[in-house]
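Peer 1: need a 3D model of the following:
(one chain, ligands or ions: 2)
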Amino acid sequence: MTSSKILLLILVATASAFTYNEAIAKENAALSFAAYCPNAAINNWSVGYVSNQYPDLTNIEVFENLIQGTKGYIAYNKKESAIVVVFRGSSNIQNWIEDVSFGKIAYNLACKCRVHTGFYDAFLSLKPKIDNLFPGYVTKYPYASIHVTGHSLGGAMGTFYALQLAESGKTVQLFTYGSPRVGDPDFYDWFTKYTKITHFRVVNQNDTVPHIPLYAMGFYHQDREIWYHDGTHTVCAVTRGEDKTCSYSVKSTSNADHSTYIGLSSQVDC
Ligand SMILES: *[C@@H]1O[C@H](CO)[C@@H](O)[C@H](O)[C@H]1NC(C)=O
Ligand SMILES: *[C@@H]1O[C@H](CO)[C@@H](O)[C@H](O)[C@H]1NC(C)=O
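Peer 2: Ligands and ions are numbered 1, 2, ... in the order given. As a prediction, this is how the structure comes out:
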């Protein structure tokens, strides 16, 4: 085989590793929205349309930090043969959007990168709990894939958690919905180095949250954006500093667009 043929095969293999599957994206959106339900409903998996459409979760355990008001859950998804870790967004999204600050804190010494202080603190408030629960699932389901997901602030926390898993050598599928920007350009580089994370960063139309904190204040998004707009969706380009033709191009943002993803409402009747 000529080297150009080998190169072509490598390119094809690389390109096919990233495939956006809308049915899986929809399921992860539903699981993210279920995190807003009361703990008893989550533990019991009686979470309205989510458990009706996706009944296959077992071994569910909610984790939360009552002082910080942060929460999530871990479960085994039989249908996907996956351990799923779900992070909840803020319980009062409107206030949260208004209060988002711009401070950055060092992520670690090796990356010399910085992340959003508030989002990282939120993640750290749950980290001891999830670190305590996760190994038991890996022992119980050693061949399972690992899926991490979350909406809004939950997307930011999921981004940190997926990175933590990838840093420890795990392969992770990450779906985020309406995630804010979590880190600086150096954090983009650090995250992007971990090719074991496949990140689908889903953005609905004019959703306000992916526009905060401001790009102009040195916050970058992680790839790869999937932008829903005008009744279709675009798989955006991989680029350090966002595909400017995707949601970045939106001039007038909408808080209402934050609460609907892939035809599902974040308001679960549970
Ligand atoms: C748990 O689910 C069952 C049926 O699915 C229901 O009857 C029961 O009330 C639920 N319990 C809680 C605490 O939600
Ligand atoms: C969404 O953004 C587009 C492009 O900037 C704009 O034309 C449209 O009016 C916006 N819609 C809402 C509801 O803000």
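
Peer 1: is T176 in a helix, a strand, or coil?
Peer 2: strand (DSSP: H, G, I helix; E, B strand; the rest coil).

Peer 1: show the contacting residues for it.
Peer 2: By CB atoms under 8 Å, 6 or more residues apart in numbering, the contact list for T176 reads 149-151, 154-156, 158-159, 199-202. Just so you know, the C-beta spots here come from the backbone N, C-alpha and C atoms, and that holds for glycine as well.

Peer 1: likewise for K71?
Peer 2: So K71 contacts 35, 39, 62-65, 87-88, 126 (CB under 8 Å, 6+ apart).

Peer 1: again with N132
Peer 2: Counted by CB under 8 Å, 6+ apart, N132 has zero contacts.

Peer 1: let's go with 10 Å and repeat that
Peer 2: Residues in contact with N132 (CB atoms under 10 Å, 6 or more residues apart in numbering) are F63.

Peer 1: doesn't it fall inside a strand?
Peer 2: No - remark: N132 does not belong to a strand; assigned using three-state DSSP, it is helix.

Peer 1: ok, it to L126 distance?
Peer 2: According to CB to CB, to the nearest Å, N132 and L126 sit 10 Å apart.

Peer 1: Y194 too?
Peer 2: Following CB to CB, the distance that separates Y194 from L126 is 20 Å.

Peer 1: those two: who's more crowded?
Peer 2: The neighbour count for Y194 versus L126, taken as other CB atoms under 10 Å, is higher for L126 (22 against 17).

Peer 1: need the pLDDT of the more buried one.
Peer 2: We note a pLDDT of 98 for L126 in this prediction.

Peer 1: contacts only, for it.
Peer 2: L126 touches 63-65, 68, 70-72, 85, 87-88, 157, 160-161, counting by CB under 10 Å, 6+ apart.

Peer 1: quick one: it is in a helix?
Peer 2: Yes - assessed by three-state DSSP, L126 belongs to a helix.

Peer 1: thinking again about what came up before, most neighbours among the contacts of L126, which one?
Peer 2: M157 (32 neighbours).

Peer 1: so what's the gap between the helix or strand where that one lies and the chain middle?
Peer 2: According to DSSP states H and E, M157 maps onto helix 153-167. How far helix 153-167 lies from its chain's middle: 7 Å, per CA atoms, centre = their mean, to the nearest Å.

Peer 1: same question, stretch 219-233
Peer 2: Going by CA atoms, centre = their mean, where stretch 219-233 is centred and where its chain is centred differ by 13 Å.
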